[in-house]
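Visitor: dropping the sequence and predicted coords here.
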Amino acid sequence: MINKVCNFSCLQLWQCRVADNTTEIEASTLTLLSQSERLRYQRTKSVKKRREYLLSRALIRFALSQLFCQPATYWSLTENPGSPPIINNLPTPLFYSLSHSKGYICFVMSDYPVGVDVQKIQNKNNLIELAEVFMNDAELALFMDYTPATKVTYFYKIWSAKEAYLKAIPKEQQSHLKLNSSDILPTISAAKNWSLIDKSSEEFSLVIIVNCLTENIQINQMPV
């Protein structure tokens with residue numbers, strides 16, 4: 001019988017970053033890939049993206065192994081285009097979400113629907129044009145009133161919040177959600193059963209949205 005480890009809260013965040021000392025983990029993960037994962041890896045031309053891909057699969061397997069007390073070789077994953085891989089042999093039902101940006105990888109697991117989004121914070125030249133793609137009129141008005149430095153912070157918070165929320169809701173609802181007309185922050189604030197957890201730094205925006213009221217989050221680093 002497989003049991004969850006006793007210290008599981010309603011939400012776990014696992015993190016890692018591609019670095020010089022992760023090459024060994026990446027190489028060992030290559031031998032664990034399923035056929036569909038290997039095809040995805042082989043189709044990825046960029047060396048940086050290949051490394052990020054391998055480390056993301058290492059992180060998923062490591063986090064699951066810590067939760068369910070199984071070796072990394074136990075897990076069977078199948079590629080799922082546009083979404084995290086399907087974990088075929090979960091011992092118990094589990095919600096999970098994956099995000100990565102510029103070598104920084106985040107994987108969350110929860111008993112409740114959950115989404116995570118991480119973005120490298122960059123002061124792009126076309127920030128206004130990009131904001132118009134996913135911000136509604138009220139958000140754009142606030143965005144335009146902010147100072148240049150605050151503009152960037154607000155831009156990424158809204159972007160990550162909407163992306164995380166999109167991942168947390170059922171697929172049948174995702175197709176009906178228009179980012180540039182949705183009002184995520186007030187919606188989450190007013191909701192009785194949604195939480196927004198902002199773990200952003202100066203370098204990356206990191207937002208988790210989970211369908212339960214909680215501030216109880218375990219933050220873990222994969223050892224390298």
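Guide: Okay, I see it.
Visitor: any idea which helix or strand comes after the lowest-mean-pLDDT helix or strand in the chain?
Guide: Lowest by mean pLDDT, DSSP states H and E among the helices and strands of the chain is helix 184-190, with a mean of 81. Going down the chain from helix 184-190, the next helix or strand is strand 195-198, by DSSP states H and E.
Visitor: tell me which other helices or strands that following strand touches.
Guide: Applying 3 or more CB pairs under 8 Å, 6 or more residues apart in numbering; DSSP states H and E, one finds that strand 195-198 contacts helix 148-168, helix 184-190, strand 204-210. (Each C-beta comes from the backbone N, C-alpha and C, glycine too.)
Visitor: gap between the closest residue in space to L166 that isn't next to it in sequence and E202?
Guide: Nearest residue to L166, sequence neighbours excluded (CB to CB, 6 or more residues apart in numbering): Q174, at 5.7 Å. For Q174, the distance to E202 (CB to CB, to the nearest Å) stands at 31 Å.
Visitor: check E24 too.
Guide: 29 Å.
Visitor: so for those two, which residue has more residues nearby?
Guide: E24 (9 against 6; other CB atoms under 10 Å).
Visitor: who are the packing partners of the helix or strand harbouring the more buried one?
Guide: Assigned by DSSP H and E, E24 belongs to helix 23-30. Packing contacts for helix 23-30, counted by 3+ CB pairs under 8 Å, 6+ apart, involve helix 47-68.
Visitor: and the helix it packs on, what other elements does it pack with?
Guide: So helix 47-68, by 3+ CB pairs under 8 Å, 6+ apart, packs with strand 11-17, helix 23-30, helix 35-43, strand 77-78, strand 95-101, strand 104-110.
Visitor: what's the most buried one of these?
Guide: strand 104-110 (a mean of 24; mean count of other CB atoms under 10 Å).
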